[in-house]
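Undergrad: Provided below for reference: sequence and predicted model.
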Amino acid sequence: MFFTHDLGDGFALGLRTTDSVDELLALINKNLARLRQWEQWALAEQTPEVLRAHVEERLQMFVSGAAVPCNIYAGGQLIGNIEMRINAYNRTAELGYWIDEDFEGRGVVTRVCQALIEHGKTSLGVRRFELYTAAHNDRSGAVAKRLGFAHEGVMRSATPLGEQRFDTNVYGLVVASAAGIS
């Protein structure tokens, strides 16, 4: 595990690398039925080759400054993922995450989002953060509200999931720069 950030209480963020592919694949497979309720990518066959290619792509995005892909750990055990995708020109970032069902309801996702928001503000100059959640995903909506995001609207039938499409909630958080200009 490289580039870790201690979140306290045994939780940490670590840069997602190819070293974690096997452990990540096992975690995805453990949570696959649940992930398939929300994520188009989860509908596809999960293989080490596809996951390795995805992680390598995300690492290239990290190197170019377009993303911060992280694994979430509890006591050294991989328990989920979070990623901040960055639009440097607009100084915006989108957060996306998922966590093992055994760790839901413990505030872990809120804590990791807070850490990436702080990193985005202070190190990357991000001034607006966005979250897109399935309209029927109450847990993710609750995370957005706890973080102080405003519900900005609903994009109708915006997210595909197999043959269906579902409404997507849009949440935004605007932060002031050190000079007070957003």
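TA: Arrived safely, thanks for sending.
Undergrad: can you map out the helices along the chain?
TA: Secondary structure of the chain by DSSP state H: the helices cover 21-30, 32-35, 48-64, 108-124, 138-146.
Undergrad: relative to helix 138-146, how tilted is the fourth one?
TA: Computed by axes from the mean of the first three to the mean of the last three CA atoms, to 10 degrees, the angle separating helix 108-124 from helix 138-146 equals 50 degrees.
Undergrad: helices or strands up against helix 108-124?
TA: Secondary-structure packing of helix 108-124 (3 or more CB pairs under 8 Å, 6 or more residues apart in numbering; DSSP states H and E): strand 5-8, strand 11-15, strand 67-74, strand 77-87, strand 92-99, helix 138-146. C-beta here means a position set from N, CA and C on the backbone, and glycine is covered the same way.
Undergrad: send the alpha carbons of the longest one over as PDB?
TA: Coordinates of each C-alpha in strand 77-87 appear next as PDB, following Å, rounded to 0.1, in the frame of the first residue of the first chain:
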ATOM      1  CA  GLN A  77      -8.000  -4.600   5.100                       C
ATOM      2  CA  LEU A  78      -9.400  -3.200   1.800                       C
ATOM      3  CA  ILE A  79     -13.000  -2.200   2.300                       C
ATOM      4  CA  GLY A  80     -13.900   0.000  -0.600                       C
ATOM      5  CA  ASN A  81     -13.000   2.600  -3.200                       C
ATOM      6  CA  ILE A  82     -13.300   6.300  -3.700                       C
ATOM      7  CA  GLU A  83     -12.200   8.500  -6.600                       C
ATOM      8  CA  MET A  84     -12.100  12.200  -7.200                       C
ATOM      9  CA  ARG A  85     -12.200  13.000 -10.900                       C
ATOM     10  CA  ILE A  86     -10.800  16.500 -11.600                       C
ATOM     11  CA  ASN A  87     -11.600  19.100 -14.200                       C
END
